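Q: I would like to see how this sequence folds:
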Amino acid sequence: EVQLVESGGGSVQPGGSLRLSCAASGFTFDDYTIGWFRQAPGKEREGVSCISSRDGSNRYADSVKGRFFIYSDVTKTTVYLQMNDLRPEDTAVYYCVADERYWGLDMAYDYWGQGTQVTVSS
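A: Numbering: from 1, shown residues only. Next up, the predicted model:
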């Protein structure tokens, strides 16, 4: 079974940066997608970004384009989300997600991490 281990959350002032990491293991197939969702207090969970292991194609939510960047290491099993120019509205629990059939930002992922808190506040 796929397992996801997140790290890198924390507190930062507006305009600051954080990098989240997701270490994935247990894939059955060589092609899969790893991504990030987030859920702010009182709001629905939303897709933030994803990346394909097959060709590196990625996608971003409009709210983070130009500020967040997703990439993987050479093994393609650890994915990073570099978050720059953070804003208070980025405050949320961030979840790493993975799937061996789906690529995108819909709630269609089979595997979810435990979540890591990101707080942006002055």
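Q: Name the SS class of the most centrally placed residue in the chain, please.
A: When the chain is reduced to its mean C-alpha position, the nearest residue by C-alpha atoms, centre = their mean turns out to be residue 36, at 2.2 Å. Classification of residue 36 by DSSP: H, G, I helix; E, B strand; the rest coil places it in strand.
Q: Next up, the contacts around it.
A: Residue 36 makes contact with 20, 22, 47, 48, 49, 50, 70, 81, 94, 95, 96, 97, according to C-beta atoms under 8 Å, 6 or more residues apart in numbering. Backbone N, C-alpha and C define where each C-beta goes, glycine included.
Q: ok, now with 6 Å
A: Contacts for residue 36 were tallied using C-beta atoms under 6 Å, 6 or more residues apart in numbering; they are 48, 49, 81, 94.
Q: which of these lies closest to residue 42?
A: Looking at the contacts of residue 36 and their distance to residue 42, the nearest is residue 94, at 16.3 Å (C-beta to C-beta).
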